[in-house]
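# based on what follows, work out the 3D shape:
(2 chains)
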Amino acid sequence: MESRDDLWMLAGLPLRSRLIVGTARYPSVSVMLDALEASGTELTTVALRRVSPGSSQENLYDLLTARGFRILPNTAGCYTAKDAVLTAHLAREALGTPLIKLEVIADDETLLPDIVQLLDATRSLVREGFTVLPYTNDDPVTAKRLEDLGAAAVMPLAAPIGSGLGIRNPHNLTLIRSRVRIPVIVDAGVGTASDVAIAFELGCDAVLLNSAIARAQEPVRMARAIRHAAVAGRQAFLAGRMPQRLLADPTSPMAGRIDPNAAPIS
Amino acid sequence: MNGRSDPSRGELRAAWVVLNGERRPAPATGLLTDLLATVGVTSDTPAVAIALNGRVVPRAGWAASRVAQGDVIDVLRPIQGGT
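Numbering: from 1, shown residues only, chains lettered A, B, ... in the order given. Presented below is the predicted three-dimensional model:
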């Protein structure tokens, strides 16, 4: 479905699917795997935690890699740059990837990014050779700062994590897209397929989502819908939308209409 | 003497470490790998990272690492996560 000539590059990694999908909160592991497959994603996010032996989480890595998904570890749950940097190092050690989705959150009620800590952690991790994908506010100034620090992409939120509120400030996403050269990946807050289509119509390069699929009544069907929405939105962006106007503009010609008052001519 | 152990004389007490947040007896050999074996982790286990007192121990360094009284060891793996 995704077109072969519309590959995008994430830090040198060519990807056909423009969706990055999280692995949390599905009703079961088998629904998760089916939903990931239905979404068409090639890249899935994981967190890093203490796991007790015999836990169902123990073989997540094997399950994902056996199906051909690449893994993007995150630093979810980190409140300081120090936490996030340590977690990134552990993720690189465990998974052998330089990719890190960098999250440094300010509080657990909003899960909004702590920008001061985020910039600090980005600077350290770039210096240490990581491919840093920072989760950030929908703020064009911060996005530019992150690019200047060497981030491989910026991941502005659409709305708070897990809220499903959709794209609250499309104008800011457009501004971010116009001001950085690195990929813009909308991260967090999308609730349904149309939100994904809008993100792509705005010119964003990819969308990362989790709850919109995992918490749908039918996650696999929603994953499929979102895959279609991503393709539709991206194609609409490439096609270039018509200009908007405030008043109607008839699409059928006015000339050549029948005269409804026609009467015999004497 | 009242027969209770004296906390200032640690050598009389069994050494312990903290593994994933829980206090455990330290391995008699003092080897990190022996401690990891108790949770089923060997050098062949995929997708595991070890932190010793908040610092990453690269896999290549596990065999040579020792753990001592009071050390904090974390064994981390990828789990289901999103944004």
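
# just the buried residues of the strand ranked longest in chain B, please?
In chain B, with assignment by DSSP state E, the single longest strand is strand B:72-80. Within strand B:72-80, the residues scored as buried using 16 or more other Cβ atoms under 10 Å in any protein chain shown are B:73-80. Just so you know, the C-beta spots here come from the backbone N, C-alpha and C atoms, and that holds for glycine as well.

# so does it get close to chain A?
Yes - Strand B:72-80 reaches chain A (Cβ under 8 Å from any Cβ of the partner chain) through B:74-80.

# could I get those residues as CSV with pLDDT?
Output for these, formatted as CSV (pLDDT from 0 to 100):
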residue, pLDDT
B:D74, 94
B:V75, 94
B:L76, 93
B:R77, 92
B:P78, 93
B:I79, 91
B:Q80, 89
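
# where do the helices sit along chain A?
A:29-39, A:60-66, A:81-95, A:115-127, A:140-149, A:170-179, A:193-201, A:211-214, A:219-239 (DSSP state H).

# do the fourth one and chain B meet at all?
Spelled out, it's helix A:115-127. No - applying Cβ under 8 Å from any Cβ, one finds helix A:115-127 separated from chain B by no less than 13.5 Å.

# from A:G162, how far off is the residue in the stretch 151-266 of chain A positioned nearest to chain B?
For the stretch 151-266 of chain A, the residue closest to chain B is A:N210, as judged by Cβ to the nearest Cβ, at 3.1 Å. Per Cβ to Cβ, to the nearest Å, A:N210 is found 8 Å from A:G162.

# just to revisit the earlier point, which one of the helices of chain A is the most hemmed in?
The highest mean neighbour count among the helices of chain A, using mean count of other Cβ atoms under 10 Å in any protein chain shown, belongs to helix A:211-214: a mean of 25.

# avg pLDDT for that one?
The average pLDDT within helix A:211-214 is 96.

# need the contact partners of it.
The contact list for helix A:211-214 (Cβ atoms under 8 Å, 6 or more residues apart in numbering or on different chains) reads A:21-22, A:24-26, A:32, A:35, A:39, A:161-162, A:164, A:190-192, A:195-196, A:219, A:222-223, A:226, B:82.

# circling back: what lines up beside the longest strand of chain B in the sheet?
strand A:43-50 (antiparallel), strand B:16-19 (parallel), strand B:49-52 (antiparallel) (DSSP bridges).

# now do that strand against helix A:81-95, angle only.
If you take axes from the mean of the first three to the mean of the last three Cα atoms, to 10 degrees, strand B:72-80 sits at 70 degrees to helix A:81-95.
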